[in-house]
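Novice: for reference, the sequence and a predicted model appear below.
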Protein chains: 2
Amino acid sequence: MSYMISKATSVNKALDEAVPLCEPVLKIREAMRYTLLSGGKRVRPMLCLAACELVGGQDSTAMPAACAVEMIHASSLIQDDLPCMDDDSFRRGKPTNHKVFGEDIAVLTADALIALAVKKLVTSTYFGVSPERVLRAVLEMAKAVGTEGLVAGQAADLAGEPMSLEEDKAGLEHLEFIHIHKTAALLEAAAVIGAIIGGGSDEEIERLRRYARCIGLVFQVVDDVLDVTKSSEELGKTAGKDLIAGKLTNPRVMGVEKRGNIFKGLIQTRWFR
Amino acid sequence: MSYMISKATSVNKALDEAVPLCEPVLKIREAMRYTLLSGGKRVRPMLCLAACELVGGQDSTAMPAACAVEMIHASSLIQDDLPCMDDDSFRRGKPTNHKVFGEDIAVLTADALIALAVKKLVTSTYFGVSPERVLRAVLEMAKAVGTEGLVAGQAADLAGEPMSLEEDKAGLEHLEFIHIHKTAALLEAAAVIGAIIGGGSDEEIERLRRYARCIGLVFQVVDDVLDVTKSSEELGKTAGKDLIAGKLTNPRVMGVEKRGNIFKGLIQTRWFR
């Protein structure tokens, strides 16, 4: 546990330094810092650092990559909360980015975080990582953001219509699509990028990819269940919102009771093989 | 002229192939194609290809980079037109992206185009460009998008308050900041990336940077003047909108008559040196 706290502390320090307030365009930088430094479990950067360590790399080498992955995550949170998306007012117990800075600045902040993530990842070369490996990491990150990742997941999530329980099977497939793209893709990228930067072999990288994708699916199942079983205070965001909005979630498709089966299913699924 | 038409035709073909409709997430891909293939002068990709040619490179080598730059431009157009930004209904004579696909899809489409631009630029390695050079090009592109480029320009543009004519000097400085970031930065990146990919020396790259930045400023002055002197039909977008919105533009700060002086000023400015 202290291992994880120490990692999270290092990540927070690096993120703080990555967006100094001294440069111009103050409002955007304030807005970037607001979401980037508003707590959060730092799961993705820790996965990135751990993957680097696992293949024999140093924490310091993967720290820019770890920050980059968290910046992408922060960017996606700002966008998901926008009035035209999930229209959320609270995140991590604080007003969402657009509630504080306005919708226009929030949209620009999301872009700025993606751009900074790319820049940050490129600085991995300063730590002796070869341009070949950094370029491969950049490609993984771009895939996790676009139509093979977050964008596809959020688009499918927005398209998710209220459904009857008879449509269980189709619903579950659609749900898996959403989770693979919206959650698992970036967790996968976090681990894969860490392994690439850390000097992992192709086999090591692909093993970590499968592992992280599965972690991603489990993560989303838990998140969906928490949404209906925990209070807004405990979650730091509006509870039960997905269910009220008629969104396709695990509890909606399978019921909270069946969550044990989902876990079993995940463990037996192709993602773990 | 036929040289430029031939270049633009090649760019349009490459862009068409870059976003095929066959893959999943059809609505996003349709929305990407809608803005990316809706005409446009292809100034940025042509500048990219020309810079590559100037330093002795081949068109085919710089085509992925040229497409990438146009994708970034398309992404910025979609965002600029959003209701929370300039709230524009027409662009290039057609309804804006969010008017056709909805605001949520438009926001995701802008992200998807940035991600695809990065992926596309990385494919330059397939054409024999070294990873070092591609990485350098990726960094230039990220800078042009973020707080050193488009984001900073748009944020400053949104912050531009109606002003009195006594504030001429401060207004002109603020205006120059907007134009350098909102327009010149991407034109600069287009030329610089073309020169990097084409194998240019550091000196050639920096010369092209200064040249393109200046082209960018001239470009925006002309665009601002056209906004108040041409009709909506001629422009393909709502005319006079910037002036009505009290936006900081060249005609507002200096009057349309003084535009000759702005050109002279630009030619004498540090950007040309």
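Specialist: Yep, that arrived. Bear in mind that the values here come from a model prediction, so they are computed numbers and not experimental data.
Novice: name the residues of the stretch 101-250 of chain A found near chain B, please.
Specialist: Contact residues (CB under 8 Å from any CB of the partner chain) of the stretch 101-250 of chain A with chain B: A:102-105, A:107-112, A:114-116, A:118-119, A:122, A:125, A:130-132, A:134-135, A:138-139, A:141-143, A:145-147, A:149-152, A:154-156, A:158-159. Yep, even glycine has a C-beta here, placed from its N, CA and C like the rest.
Novice: and the residues you listed, which of them are buried?
Specialist: A:103-105, A:107-112, A:114-116, A:118-119, A:122, A:125, A:131, A:134-135, A:138-139, A:141-143, A:145-147, A:149-152, A:154-156, A:158 (16 or more other CB atoms under 10 Å in any protein chain shown).
Novice: restricted to helices, list those.
Specialist: The helices, defined by DSSP state H, take in A:103-105, A:107-112, A:114-116, A:118-119, A:122, A:131, A:134-135, A:138-139, A:141-143, A:145, A:150-152, A:154-156, A:158 from these.
Novice: which strand or helix spans A:Lys41?
Specialist: Per DSSP states H and E, A:Lys41 falls between elements, in no helix or strand.
Novice: so what pLDDT did it get?
Specialist: Listed pLDDT for A:Lys41 reads 88.
Novice: run a quick neighbour tally on it.
Specialist: 10 (other CB atoms under 10 Å in any protein chain shown).
Novice: contact partners for the residue nearest to it when sequence neighbours are not counted?
Specialist: Among residues not flanking A:Lys41 along the chain, A:Ala8 sits closest, at 7.6 Å (CB to CB, 6 or more residues apart in numbering or on different chains). A:Ala8 makes contacts with A:41-42, A:46, as judged by CB atoms under 8 Å, 6 or more residues apart in numbering or on different chains.
Novice: and the helix ranked longest in chain A, how far from the chain's centre?
Specialist: Longest helix of chain A, by residue count under DSSP H: helix A:202-229. Computed by CA atoms, centre = their mean, to the nearest Å, the chain-centroid distance of helix A:202-229 equals 11 Å.
Novice: what comes up buried for it?
Specialist: Buried residues in helix A:202-229, defined by neighbour count with 16+ other CB under 10 Å: A:204-205, A:207-209, A:211-221, A:224-225, A:227-228.
Novice: low-confidence ranges in chain A?
Specialist: A:1, A:22-25, A:161-169, A:227, A:235, A:237, A:239-273 (pLDDT under 70).
Novice: which non-adjacent residue is nearest the residue most central in space within it?
Specialist: Against the mean C-alpha coordinate of chain A, by CA atoms, centre = their mean, the closest residue is A:His73 at 4.3 Å. Leaving out its chain neighbours, the residue that sits closest to A:His73 by CB to CB, 6+ apart is A:Arg44, at 5.4 Å.
Novice: and that neighbour, how far is that from A:Arg213?
Specialist: For A:Arg44, the distance to A:Arg213 (CB to CB, to the nearest Å) stands at 13 Å.
Novice: now do the shared contacts for these two.
Specialist: Residues touching both A:Arg44 and A:Arg213 by CB under 8 Å, 6+ apart: A:Leu187.
Novice: tell me who's in contact with A:Gly102.
Specialist: B:Cys84.
Novice: ok, A:Pro95 touching A:Asp88?
Specialist: No: using CB atoms under 8 Å, A:Pro95 is not in contact with A:Asp88; the gap is 9.8 Å.
Novice: more neighbours, the two?
Specialist: The neighbour comparison of A:Pro95 against A:Asp88 (other CB under 10 Å) goes to A:Asp88, with 18 against 14.
Novice: then the more buried one would be within a strand, right?
Specialist: No: A:Asp88: not assigned to a strand; according to DSSP: H, G, I helix; E, B strand; the rest coil it is coil.
Novice: on that earlier part again, which strands and helices lie in contact with the longest helix of chain A?
Specialist: helix A:43-54, helix A:168-179, helix A:185-197, helix A:241-244, helix A:250-254, helix A:259-268 (3 or more CB pairs under 8 Å, 6 or more residues apart in numbering or on different chains; DSSP states H and E).
Novice: please repeat the previous calculation with a cut-off of 7 Å.
Specialist: With contacts taken as 3 or more CB pairs under 7 Å, 6 or more residues apart in numbering or on different chains; DSSP states H and E, helix A:202-229 sits against helix A:185-197, helix A:241-244, helix A:250-254, helix A:259-268.
Novice: A:Thr61 contacts A:Glu53, correct?
Specialist: No: if you go by CB atoms under 7 Å, A:Thr61 and A:Glu53 don't touch, sitting 9.9 Å apart.
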